[in-house]
Each structure stands twice: as C-alpha cells, then as structure tokens.
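> coords please:
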Amino acid sequence: MLRELRIRNFAIVEDADLELKKGMTAFTGETGAGKSLLLDAITVLLGAKARGELVRSGAKSAEVEGVFDLSKDLAKRTLASELGFEIDADDGFRLIVRREIAANDPSRNRIWIQGRSVTRAQLQALLGDWVEVSGQHEFLKLNREDFVLALIDQYGGLKEEARAFGGSYSQLLALRKELEALETFEGNREARTDFLRYQMEELEKAGISAESHTEEEKLNALRSRLGNLGKIRNALDVATLCLEGTEGDDQATGTRGIVSLFQTMARELRPFQTLDEGFAKLLSGLEMAETSVLELRETIREILISLEADPEALELAESRLSLMNRLKRKYHRDLPGLFDLLGESRRELEGLAGGDARRDRTREEVRTREEKLFKQARTLHGRREDAASTLTGKWQKDLAFLGMKNARLQLALSLLVELSPRGLTKVEALFSANPGETLKSISKVASGGELSRILLSLKHIISGRSEVGVYLFDEVDAGIGGETAHAVGERLRRIAEDNQVLVVTHLAQVAAKAHEQIRIEKRSEKGRVTTVAERLTAVEREKEVARMLGATGSQAALKLARELLRENLA
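Below you'll find the model as predicted:
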C-alpha cells in the first residue's frame, strides 16, 4: 500500500503531506479544489510522464515523494531486489520513490528509488502495474478485446499460461521470419555465391592475412627510408664529420673530431692520475666516453654500408601499399577489417552451400511449433470459456446489487482460425440494459453511468485475485445517486477489504463508506491560490458529508450525515 504522499509545488498544491492508511480513503471537496491532482501526483510516482506544466507557477521545480509498504507483497520485493533496490525488513519493507520535475528543462527531471537515481523505464518496471487508476472514462476499455481478455485471464488464474503462450508465439514469429528470409534468399543464392567467391579470391590473391597490418607498417617504414636515402646519407656524413673531424696539413686547414678531442684530453691528464684520486676517476670516465663514441662511429659506418639505392624494392613497396589502400577504399574497412571480411565471406559461403538443408530444417521446426501452439491455444481457449462463464454469472448478480436488475451481460468467446499473440480466442463484451433487447457491443448500448458501474462491479469481482496493491478511483460514481450511490460505495468498500482504495468522489453516500476522509479545498493567501489537504476528524466528517448532501448548516443534513457514517461504523 501507499503509506505516505508528499507534494511540493505540484500545480496549485504548494505543500501537502498525507499519511494514507489501509482500507478506503475518500478525497472530497468542492469542484475545482484539486482533488484529482493528488491522484495525478500518485500516477507520477508510478512512472507517468512528468510535464513542466505540472510545476506551480513561479516555482523552479515540483517534487513528489511516496513511501510504499511492500511488507505483504513478496513478489514485488523480489522484483525490487532483482532490479537492484534493497528492501529492508528492519525498515518495514518500505520503498521510497521521489521525483523532481523541472519547470522549463525536461533534461533536469530526476527520479530516485531508495535514494538511487533511476530512469522512468526502471520506475515503470517496478511499480507500473502495482497501482490501478480508474478514471471517469476508463469504461472505454471495455470495448477493447485485449482488456477484456486480460480480465478473463486474471479471474481464471490464466495470466502465467497466457504470458508463456505469448513468449512462445514471439519465438514462432522469429522462426517464421528466418524461414521467409531463407526462402527469399534462395533465388539470389547463385548470384550471392558468385560474388562471395570473387570477393574471397580478390582478398586471398592480395595476400590479406592477420599480419597484413604489421606488413603495412613495415612497408611504410621501408618506403620512407628508401625515399629519403639522400637525406639520410647526408645526415650520417655530418655525424661522421663530428666524430672524426677533417684531415689537413696543419691545425689551420683541418678540424678535429670528438674522438680526437677525447684522446687529447686523456693524453694531457694521464701524467697526473697518481697525484689525486679525482684525476684517476676523471680519466676512467674519459675512457668510457671514448669507447661509447667509437661504438657510435662503428654503427654509423655499418648503416652507411647498408644504405644502397634499391629502386626495385621501393617500387615493390609502393605497389603493395597501393593495392592495400585500394582494397581498403573499396570495402570501407581497414586491414584487420579486410581480414575479418575474408572470414565472414568464407563462413557465409559455407552457409550457402548448406542452405537447402537449413531451410528444410527451419520449415519443419516452424510446422512443429505451430502444431504445438495450436494445441496450447485450444486448451487455453477452453479454460477461458470456463472462466468467462463463471465470471459472467457473478458479474450479472453484482450488477443487480448496483441497481441494474434487468441488465444482461455476456462475454462472447469465439475460436479464431489463425494464431495471434493472445492465442485463438476472440472475445466481445455484450450488454442489454432492458428485457427483450438484443445483446449488443457494451460500449454502444450502455450509458456512461451504466458503464462505470459495470466496470466497478468487474473490479470488485476480480480484486481478490488481482496483483494490484492500490486502486485509485477518480469520480467513477459520476451520474448516479440514491440507492445506486449507496451500492457503489459499498462495492468500493468491499474492494478495500483486500486492497487499498483511494477514491475522489462528490457523493455523500460514497464518502460515508470510506474508512478515512480527506478534504481538499482551495484557499487564497496573499493573492495566491493553493490547494490544502486535511484529514477529517469524526465531527469534521459529519459537517463535510452534510455539505455534500447540499445543506451545510442544516441540522437535518447533519443528522443524516451522522446516520450515514454510523451505518458504516457498525
């Protein structure tokens, strides 16, 4: 159930904190006071789309928070755990949901479950089916085949069987699609085979392999080296000159290289190596440096010897790189991608070679699954017929209680020829309000008031078998009065025996049936209009019910209100 509801700057509701209890709670107040806004706030907590228009004028954002009690719903606690939300027994199995709605920037809308930021899809997955909202026009669903069939499945305990069938049907559709693709492709198989063979031959002839990327790097390095041979040789000559210097007849015409300088330094310092430990250390360092320089000179000589112009090698590298680049442009892939393409083509070609066998296997599997699903669907249809028959009988009796003694209902089930996601069952809700009239589609012959009672009766019958935890009724009693209003209130109270029921009503008879009553009224303070929600005491309930009877200050109305409330407390 929903334990607490907190609302901030939501439409004309500036600040409201409500503690909600089990059983039936009635929201009452003048028209336009904002009663339905409380139900709108609850639907936002369930994952309904949050619009910026819901934010109170002048505020930057609105906030709605709800505390749900999952202590009696093991399935919902299990689902919450699977989705990663901790539900703690020490905390009363509470689930806290909070939504913040930005006035002008939807990207700033936020949702938290148990303090963790989540998406609207995650919120809907957890709570989307836990609260059922019934508005004034929900009866239009009675004309929808999927809605009526779902109700039959729920009443008959067939939801899991129907869900499993739907999953198997989806698998059959995927298999049919695969078979269609195989059959469609059959005519193009020869052309596709030729293309794949040409593609493989081209890539194999080009020598595309797993090492092609490494080969490309080496070829680029070789091309760069051979293409810059003159510059490389010149740089090495300069390096040699620095190391060895130039020859000349005397110091004026020659230059001394690094090797000669190191040798001179060593020759000048060697006589003093016995005088001081520092000279010995200095000479050792000079000798090591001279050795390194001599090694550098040898390396340069080796490189110079290896540098030979090789126009043929350069041409081969250019040609190979050109082929690689052409293939990359042609197939829009890099070299590793071309190697992958080669493998893909080989596998597809192998698959095409066994295409006939695969197509035949798929066709047989489709036939086998269809036979199995037809059998399951017929069994499911039979069980639905039994459930619909029992449901219709109870429904008929309940409508009589709600003042429709001459009404006739029928859930007309027929067997389809082709499989559908819901099986082979077609259903239509038929209705007749008066004796002698032909049964016709329920939405075409029933009035709005009749349809509201029909739907309320149906929910009363299936509420004990429902997975719903909270029922929200928004003025489903519109257009009725008198004894019928009493009956509607009684049915809402009966639903509240196993579920939490929150109902917005204008009828005193309905409000009096509630276990709790909350008055919603509009107030004007400092030029601003705001909606205030207050839980009523026993005395306040008498006055509010009297107002709803149309005579606030009348002692007779107060007496009648007291009697109505006393009846429900008895």
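
> only the buried residues of stretch 10-25, if you could.
F10, A11, I12, V13, E14, A16, L18, L20, K22, M24, T25 (16 or more other C-beta atoms under 10 Å). All C-beta spots, glycine's among them, are computed from the backbone N, C-alpha and C.

> inside strands: which ones of the residues you listed?
Among these, the members falling in strands (DSSP state E) are F10, V13, E14, A16, L18, M24, T25.

> specify which member of those residues is nearest to A487.
A487 lies nearest to M24 out of those, by C-beta to C-beta, at 14.6 Å.

> bridged to that closest one, which residues?
Beta-bridge pairing for M24 (DSSP bridges): V501.

> let's have the chain start at 37 instead
All right, first residue 37 from here; so that's M60.

> can you name the residues that contact it?
Shown in contact with M60 (C-beta atoms under 8 Å, 6 or more residues apart in numbering): L528, R529, I531, A532, V537, V539, K549, A550, H551, E552.

> could you rerun that using 6 Å?
L528, R529, A532, V537, A550, H551 (C-beta atoms under 6 Å, 6 or more residues apart in numbering).

> who wins for most neighbours among those?
V537 (27 neighbours; other C-beta atoms under 10 Å).

> now do that residue against S170, distance only.
V537 sits 10 Å away from S170, going by C-beta to C-beta, to the nearest Å.

> and L110, by the same measure?
From L110 to S170 the distance is 26 Å (C-beta to C-beta).

> between these two, which one's more packed in?
Legend: neighbour count by other C-beta under 10 Å for L110 and S170, higher for S170 (21 against 10).

> check contacts around that one.
F509, V512.

> circling back: tell me which of the contacts of M60 fall in strands.
Short answer: the contacts of M60 in strands (DSSP E) are V537.

> what residues of stretch 130-150 count as buried?
Counting neighbours by 16+ other C-beta under 10 Å, stretch 130-150 gives 131-139, 145, 147, 149-150 as buried.

> in CSV, list those residues along with secondary structure and pLDDT.
Output for the buried residues of stretch 130-150, formatted as CSV (DSSP: H, G, I helix; E, B strand; the rest coil; pLDDT from 0 to 100):
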residue, secondary structure, pLDDT
L131, strand, 91
I132, strand, 93
V133, strand, 93
R134, strand, 94
R135, strand, 93
E136, strand, 93
I137, strand, 92
A138, strand, 90
A139, coil, 88
N145, coil, 89
I147, strand, 92
I149, strand, 92
Q150, coil, 91
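
> ok, which pair from those residues is furthest apart?
L131 and A139, at 27.3 Å, using C-beta to C-beta across the buried residues of stretch 130-150.

> most widely separated two among the ones in strands among the buried residues of stretch 46-61?
E50 and M60 (27.1 Å).

> now stretch 426-437: average pLDDT?
Confidence for stretch 426-437, expressed as mean pLDDT, is 86.

> contacts for that stretch next, please.
With C-beta under 6 Å, 6+ apart as the criterion, stretch 426-437 contacts Y191, A443, L445, L447, S493, I497, A523.

> what do you get if the cut-off is 8 Å, keeping everything else the same?
Against stretch 426-437 from outside (C-beta under 8 Å, 6+ apart): 187-188, 191-192, 441, 443-447, 489-490, 493-494, 496-498, 523, 526-527.

> what do you get for stretch 141-151?
86, 88, 97, 121-123, 131-138, 153-156, 158-159, 162.

> with stretch 442-456 instead?
The contact list for stretch 442-456, computed with C-beta under 8 Å, 6+ apart, reads 184, 188, 205, 208, 406, 409-410, 413-414, 417, 420-421, 424, 427-428, 431-432, 435-436, 460-471, 475, 478, 486, 490.

> distance of L378 relative to G243?
To G243, L378 is 11 Å away according to C-beta to C-beta.

> these two: which is more packed in?
Using other C-beta under 10 Å, the more surrounded residue of L378 and G243 is L378, with 19 against 12.

> would you mind giving the secondary structure of that one?
helix (DSSP: H, G, I helix; E, B strand; the rest coil).

> please name the nearest non-neighbouring residue to it.
L239 (4.7 Å; C-beta to C-beta, 6 or more residues apart in numbering).

> quick one: neighbours of R87, just the number.
R87, neighbours per other C-beta under 10 Å, totals 11.

> list the contacts of it.
I137.

> got the phi and psi for it?
With angles defined as degrees, to the nearest 10, R87 sits at phi -110, psi 150.

> do you know the pLDDT at it?
As predicted, R87 sits at a pLDDT of 84.

> for S493, same thing?
So S493 comes in at 82 (pLDDT).

> what's the helix or strand for it?
helix 484-498 (DSSP states H and E).

> go through that helix and flag the buried ones.
485-498.

> ditto for stretch 89-106
90-92, 97-106.

> pull the most distant pair out of those residues.
Taking C-beta to C-beta, no two of the buried residues of stretch 89-106 sit farther apart than R92 and L106, at 30.7 Å.

> returning to that earlier point: quick one: which of the ones in strands among the buried residues of stretch 46-61 is nearest L374?
For those, the nearest to L374 is F46 (59.6 Å; C-beta to C-beta).

> show me what the closest one is bridged to.
Under the criterion used (DSSP bridges), F46 bridges to V49, V91.

> and the helix or strand encompassing L279, what does it pack onto?
Taking DSSP H and E as the criterion, L279 maps to helix 265-280. Helix 265-280 sits against helix 294-305, helix 313-342, with contacts defined as 3 or more C-beta pairs under 8 Å, 6 or more residues apart in numbering; DSSP states H and E.

> mind putting those into JSON lines with mean pLDDT, mean neighbour count and distance to S260?
Formatted as JSON lines, these follow (pLDDT from 0 to 100; neighbours: other C-beta atoms under 10 Å; distance: least, C-beta to C-beta, whole Å):
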{"stretch": "helix 294-305", "mean pLDDT": "80", "mean neighbour count": "14", "distance to S260": "29"}
{"stretch": "helix 313-342", "mean pLDDT": "80", "mean neighbour count": "13", "distance to S260": "15"}
